[in-house]
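J.: Provided below are the primary sequence and the corresponding predicted coordinates.
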Amino acid sequence: MTPDLRRLYFATPRATRKAANLAGNPQVALLLDNRSNQLTDFTRAAAATIIGTAEELRGAGRATGLAFYLERHPHLADFTASPGTVLFLVTVTRISLVTRFQQVMDYDVP
């Protein structure tokens, strides 16, 4: 994610159901969490649902997005260099954060 939480980049093989689904419907909901399957999850776990629109990046947009992505994930350079890998940009519109399994905070991303 970018520091302003407005954009999220991810790479995936083109030959996946995920890529095919996004080609047909770019609306996304991504769930990120930090659970560790420990008792402390009841007080420390957090989950964020990110709502937005995904688009496959091409050309200059892909080069810019890929540079940002690889700065954070340099170990994925070979994976992203494969001709069968696509890079998506999710433009975030809303984030829902759940902590302690019931505290919900919603953030609209302008």
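T.: Received the coordinates, thanks.

J.: count of neighbours near the nearest residue to residue 28 once chain neighbours are set aside?
T.: Once flanking residues are discounted, residue 28 sits nearest to residue 54: 4.9 Å by CB to CB, 6 or more residues apart in numbering. For the C-beta atoms, the positions are set from N, CA and C on the backbone; glycine is no exception. For residue 54, the count of nearby residues is 21 (other CB atoms under 10 Å).

J.: in the protein, what residue sits furthest out from the centroid?
T.: residue 39 (27.2 Å; CA atoms, centre = their mean).

J.: for that residue, helix, strand, or coil?
T.: coil (DSSP: H, G, I helix; E, B strand; the rest coil).

J.: pLDDT wise, what is it at?
T.: Residue 39 carries a pLDDT score of 79 in this model.

J.: for it, what are phi and psi?
T.: As for residue 39, its main-chain torsions (degrees, to the nearest 10) stand at phi -60, psi -30.

J.: mind listing what's buried in the helix or strand that contains residue 28?
T.: Secondary structure from DSSP states H and E places residue 28 in strand 27-33. For strand 27-33, burial by neighbour count (16 or more other CB atoms under 10 Å) applies to residue 28.

J.: ok, stretch 96-110 next?
T.: Buried residues in stretch 96-110 (16+ other CB under 10 Å): residue 98.

J.: in the helix ranked longest in the chain, what counts as buried?
T.: As assigned by DSSP state H, the longest helix anywhere in the chain is helix 59-72. Of the residues in helix 59-72, 62, 65, 66, 69, 70 count as buried by neighbour count, 16+ other CB under 10 Å.

J.: that helix packs against which elements?
T.: strand 7-13, helix 77-81, strand 85-99 (3 or more CB pairs under 8 Å, 6 or more residues apart in numbering; DSSP states H and E).

J.: out of these, which comes closest to residue 25?
T.: In terms of CB to CB, the element of the helices and strands packed on helix 59-72 nearest to residue 25 is strand 85-99, at 13.0 Å.
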